[in-house]
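# curious how this folds, go ahead:
(chains A, B, C and D)
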Protein chains: 4
Amino acid sequence: MSGTNDVSDWWRTSIIDMEPGRISLRGHAVQDLIGTTGFAEMIWLMVTGDRISGPRAKLFEAALVAAVDHGPQAPSIAAARMAATCGIGLQSAMATGLNMLGDVHGGAGEQAVELYRRIDGAGHDGLVATLDAWRQHHGKFVPGFGHRFHKPVDPRAPRLLALVGEAAGQGAVSGRFAEIGRAIESRLAEERGKPVPMNIDGATAVIYAELGCPAPLARGFFGLSRSVGILAHAWEQTEQGGRNKGPTPPGYRWTYDGG
Amino acid sequence: MSGTNDVSDWWRTSIIDMEPGRISLRGHAVQDLIGTTGFAEMIWLMVTGDRISGPRAKLFEAALVAAVDHGPQAPSIAAARMAATCGIGLQSAMATGLNMLGDVHGGAGEQAVELYRRIDGAGHDGLVATLDAWRQHHGKFVPGFGHRFHKPVDPRAPRLLALVGEAAGQGAVSGRFAEIGRAIESRLAEERGKPVPMNIDGATAVIYAELGCPAPLARGFFGLSRSVGILAHAWEQTEQGGRNKGPTPPGYRWTYDGG
Amino acid sequence: MSGTNDVSDWWRTSIIDMEPGRISLRGHAVQDLIGTTGFAEMIWLMVTGDRISGPRAKLFEAALVAAVDHGPQAPSIAAARMAATCGIGLQSAMATGLNMLGDVHGGAGEQAVELYRRIDGAGHDGLVATLDAWRQHHGKFVPGFGHRFHKPVDPRAPRLLALVGEAAGQGAVSGRFAEIGRAIESRLAEERGKPVPMNIDGATAVIYAELGCPAPLARGFFGLSRSVGILAHAWEQTEQGGRNKGPTPPGYRWTYDGG
Amino acid sequence: MSGTNDVSDWWRTSIIDMEPGRISLRGHAVQDLIGTTGFAEMIWLMVTGDRISGPRAKLFEAALVAAVDHGPQAPSIAAARMAATCGIGLQSAMATGLNMLGDVHGGAGEQAVELYRRIDGAGHDGLVATLDAWRQHHGKFVPGFGHRFHKPVDPRAPRLLALVGEAAGQGAVSGRFAEIGRAIESRLAEERGKPVPMNIDGATAVIYAELGCPAPLARGFFGLSRSVGILAHAWEQTEQGGRNKGPTPPGYRWTYDGG
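Numbering: from 1, shown residues only, chains lettered A, B, ... in the order given. Down below sits the predicted model:
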């Protein structure tokens, strides 16, 4: 397709080209991608425009797999399950869950990539100053570290870091963002006198930083990953049935705080 | 986690079990899944509860890869690109696109799985009667066949069917839903005196039916697949910039139809 | 604005006309509407194209006021409150709540208008047959009657019906849909041997039917009305604070149902 | 309802109190509000907890009426119209439009209220410094002033300011935020050597500031107001029909920018 006027130019993309009977995605005929390309590789290709393969693809896939679900206490999952009982379509229930992911719920990965990059730019000796400056501006939480539930350790983080280590050993990534992550962990433990271990967001952010991915995509990829859990839960709830499911059993209702 | 009271029982799931430091997904420790499980396999496991592997996993992955994008003329993609210029988060832009997928835009796969299953139930001789009954109830469109743009052939369909053929040759699937799809195609061509070829929805529906997947999941899986294109386009638009992007260049506006 | 080409014709509307410095809504200069038109009247004008005033406007306003909120047990309200703690904008939190309203949660009003119209078409003697036919097709629930919480009476319904009675007394509406509603109520009480009183959906549907409004708009107007409660709760939650608010206190989690 | 345990306390609200047969909104029995309270007054009561009446209610109503629509070039309206052709419910189409409203599209009102309050705090002589500080931090756009389409004047702004003047004359509001708005307008005209007139966001922000409303509510109220136009357009599109409506006529497609 080669539009030359202002109307088709209003919608410019280098992602997809089409003519009747022909679909080309990032320069590859769709029929050549189908059956030869893994779904994770396809995600990377579509979003970044580049191919990913080998140990780097494995890392990306691990990050996607790790974040699919954290149970119905997460507002995204709870909302999707409730939506599934309200008579909207399955994809609308998914959208309801996905729409809950914002700066607070699912935003820490993006923030951690940014923080790592700043520390990387500042050099090893700049870690403390960079961390302090970050907290002065953003508040006391360091994105990607500590977990209100998983104590002492978020089981996903060490596994993801081990995979980064393997990939670094093969020369597929530099490994320096894993070092930065570990250095932050050490610094926080020192400051607080107890472990503040890296969590899922901190660990996937190491992977996204190692892969050279823009920080906001850590958020986008988290959205794709958590959509899997959202779909699984929305579907399970559909099969369980129910109508207008509320957050607690109907008998509890709420506490009235007014005058 | 084993809640025994009515509050924790209000949220029952067999998808995920958790304790501090432990996350189990469909009975597997999360750290055992990370690094060993492909993203497509993880999707299947989470949503259906079963493992998928070998030629069946390859089929599922092909269906996910095939449907990622159909360009900015699709309302889901256009809406996500516009949303990306309105100052909402990337995941909210994704949700906006995903929320457009309904009975008409992304619903044909589910309907085609249902139609195939009915024909399968009716037996080979029942095809014409089943098809007629379907159309009498749902209208003249047969879901999964014909395409307003891709003529003569939707390039994704033959490739997907070829993969089903391979998997059937290996005994991984029965192949009978591919036959049903081809039989519908023949019947429609006969009726109309011209080809009405199977499209992406018809072909992915063959795969979902072959894999034994409930019809509504054809819709859920399509949602996951198209979310990839939605993210790619929302991100590309973010990088292109723009504020409050409308559907057409500002000079065109709209036609006023009032008195 | 008078586009004559296919691009501006792609977006045709009789709602709004614009030129630089001029905005006309349904044929009225916006500055003439501001300060002279109530918000409810403006809603009616924008959506239906007609003016509403006097007792009819009062009825419409009553329907909008009656449905604004039913508390945080309603999934729409709960989801909006949870969304408000996830770091998305206030309007996205509102959209999250509004998106929960579907066939089951907020769809009964539309269905009740349809049912009333059918009974109206069938004539008084046709009530039982029409009601039976409806239930045969849609299931045992009669939309707009009975309430799982408000027993014996939903306090909104009698008040709304009294207003319809007043308006009918003034000749502003016919009153025949109120009669149909009461006849359904009598029939259901007779069948079940106990009262099955009209609820908010049944009562607002009487008003929408009396006003001559297409059935689907009963759903759209409900969406506008409930958006008020959604905003109120999302804002209250914002002021209360919280991060990633789940459906129940964190200590409860959920019940694992797996193997 | 007076829950005393941690489960009902998890959902605390002073908006609504309920028992079977009784609904109290902000301390008023719902049946006492229905038929006596205008929809705009109900919105104010629900969201702020206070009653509004007389000239103040009229101002609030004017702000709600003024912002209902700006035509299908606005991404919120275009998205809702496209959604209406995708086979999702009317409320989901509304949610799609509402979800587009973010910092850029519909956020200027909130920002303008904040700016006015800062200038009010700084005193008359602080206007220039406050304005400069704002732009240094937020960029060159001053929220609420200038319009890319309505030149020389946004017809909604002078009408809204005239109403503020009337209310100030009656002593119902102070009028000092209208003065601040006009002072900003003068300063910008002086700086740029041409008029940069107040737009709808700047004018509604004057009203919200005069009414003492927290800045984020300017955004929430805008969401309610624009939802009216969103519904009107989604419904008009539903009646026009169409399937999978894209942003431009199908013949135009898009411009491929890839290699």
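
# hmm, B:Arg159 and A:Ala29 touching each other?
No - if you go by Cβ atoms under 8 Å, A:Ala29 and B:Arg159 don't touch, sitting 9.4 Å apart. For the C-beta atoms, the positions are set from N, CA and C on the backbone; glycine is no exception.

# of these two, who's got more company?
B:Arg159 (19 against 14; other Cβ atoms under 10 Å in any protein chain shown).

# what's the burial count for A:Ser53?
By other Cβ under 10 Å, 12 other residues sit near A:Ser53.

# which residue is the nearest non-sequential neighbour of it?
Closest residue to A:Ser53 apart from its sequence neighbours, by Cβ to Cβ, 6 or more residues apart in numbering or on different chains: A:Glu41 at 6.8 Å.

# repeat that for A:Ala122.
Distance criterion Cβ to Cβ, 6+ apart; nearest residue to A:Ala122, sequence neighbours excluded, is A:Thr130 at 4.7 Å.

# how about the one you found, what does it touch?
A:115, A:118-119, A:122 (Cβ atoms under 8 Å, 6 or more residues apart in numbering or on different chains).

# which positions in chain A make contact with chain D?
Residues of chain A found near chain D (Cβ under 8 Å from any Cβ of the partner chain) are A:1-5, A:7-18, A:26-27, A:87-89, A:92, A:99, A:247-248, A:252-259.

# list buried members of those residues by neighbour count.
A:3, A:7-8, A:10-13, A:15-18, A:26, A:87-89, A:92, A:99, A:247-248, A:252-256 (16 or more other Cβ atoms under 10 Å in any protein chain shown).

# just the ones in helices from those residues, please.
Those of these mapping onto helices are A:7-8, A:92, per DSSP state H.

# the residues you listed into a markdown table, with extra columns for pLDDT and distance to D:Ala57?
Compiled in a markdown table, these are given as follows (pLDDT from 0 to 100; distance: Cβ to Cβ, whole Å):
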| residue | pLDDT | distance to D:Ala57 |
| --- | --- | --- |
| A:Val7 | 93 | 45 |
| A:Ser8 | 92 | 49 |
| A:Ser92 | 95 | 36 |
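
# how about these in JSON lines, adding distance to chain C?
Shown next, in JSON lines, are these (distance: Cβ to the nearest Cβ, whole Å):
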{"residue": "A:Val7", "distance to chain C": "6"}
{"residue": "A:Ser8", "distance to chain C": "10"}
{"residue": "A:Ser92", "distance to chain C": "6"}
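
# those also near chain B: which ones?
Okay, of those touching chain B (Cβ under 8 Å from any Cβ), that's A:7, A:92.

# need the ones in helices among the buried ones among the residues of chain A next to chain D in JSON lines with distance to A:Pro75, can you?
What follows is those, written out as JSON lines (distance: Cβ to Cβ, whole Å):
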{"residue": "A:Val7", "distance to A:Pro75": "41"}
{"residue": "A:Ser8", "distance to A:Pro75": "41"}
{"residue": "A:Ser92", "distance to A:Pro75": "17"}
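
# near chain B at all, whatever helix or strand A:Val228 lives in?
According to DSSP states H and E, A:Val228 maps onto helix A:215-240. Yes - Helix A:215-240 reaches chain B (Cβ under 8 Å from any Cβ) through A:216-217, A:219-224, A:227-229, A:231-236, A:238, A:240.

# OK, contacts around the closest residue to A:Gly71 other than its chain neighbours?
Nearest residue to A:Gly71, sequence neighbours excluded (Cβ to Cβ, 6+ apart): B:Ile16, at 4.8 Å. Going by Cβ under 8 Å, 6+ apart, B:Ile16 touches A:69-71, A:229, B:23-26, C:256.

# could you rerun that using 6 Å?
For B:Ile16, the contacting residues are A:69, A:71, B:25, by Cβ atoms under 6 Å, 6 or more residues apart in numbering or on different chains.

# of those, which is the most crowded?
Result: A:Asp69 is most packed of the contacts of B:Ile16 (other Cβ under 10 Å), 26 neighbours.

# just the buried subset of the residues of helix A:215-240 next to chain B, written out for PyMOL, thanks.
Selecting the buried subset of the residues of helix A:215-240 next to chain B in PyMOL, with 16+ other Cβ under 10 Å as the burial test, is done by:
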select buried, chain A and resi 216+217+219+220+221+222+223+224+227+228+229+231+232+233+234+235+236+238
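
# which single one of the contacts of B:Ile16 is nearest to B:Pro75?
Nearest to B:Pro75 out of those is A:Asp69 (Cβ to Cβ; 29.1 Å).

# and the contacts of A:Thr130, which are buried?
Neighbour-count burial within the contacts of A:Thr130 applies to A:115, A:118-119; the criterion is 16+ other Cβ under 10 Å.

# the helix or strand hosting A:Leu64 near chain B anywhere?
Using DSSP H and E, A:Leu64 sits within helix A:54-66. Yes - Helix A:54-66 is in contact with chain B by Cβ under 6 Å from any Cβ of the partner chain, via A:61-62, A:64-66.

# packing partners for that helix?
Packed against helix A:54-66, as judged by 3 or more Cβ pairs under 6 Å, 6 or more residues apart in numbering or on different chains; DSSP states H and E, are the following elements: helix A:39-48, helix A:156-169, helix A:200-210, helix B:39-48.

# 10 Å instead, please
When contacts are defined as 3 or more Cβ pairs under 10 Å, 6 or more residues apart in numbering or on different chains; DSSP states H and E, helix A:54-66 packs onto helix A:39-48, helix A:156-169, helix A:200-210, helix A:215-240, helix B:30-33, helix B:39-48.

# just the C-alphas of stretch A:222-237, formatted as PDB.
Extracted in PDB, the C-alpha atoms of stretch A:222-237 (Å, rounded to 0.1, in the frame of the first residue of the first chain):
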ATOM      1  CA  PHE A 222       3.700  -6.500  31.600                       C
ATOM      2  CA  GLY A 223       0.300  -5.700  30.200                       C
ATOM      3  CA  LEU A 224       0.500  -8.500  27.700                       C
ATOM      4  CA  SER A 225       1.800 -10.900  30.400                       C
ATOM      5  CA  ARG A 226      -0.800 -10.200  33.000                       C
ATOM      6  CA  SER A 227      -3.500 -10.300  30.300                       C
ATOM      7  CA  VAL A 228      -2.900 -14.100  30.400                       C
ATOM      8  CA  GLY A 229      -3.900 -14.300  34.000                       C
ATOM      9  CA  ILE A 230      -6.700 -11.900  33.500                       C
ATOM     10  CA  LEU A 231      -8.100 -14.200  30.700                       C
ATOM     11  CA  ALA A 232      -7.600 -17.300  32.800                       C
ATOM     12  CA  HIS A 233      -9.500 -15.900  35.700                       C
ATOM     13  CA  ALA A 234     -12.300 -14.300  33.700                       C
ATOM     14  CA  TRP A 235     -12.900 -17.600  32.000                       C
ATOM     15  CA  GLU A 236     -12.800 -19.600  35.200                       C
ATOM     16  CA  GLN A 237     -15.300 -17.200  36.700                       C
END
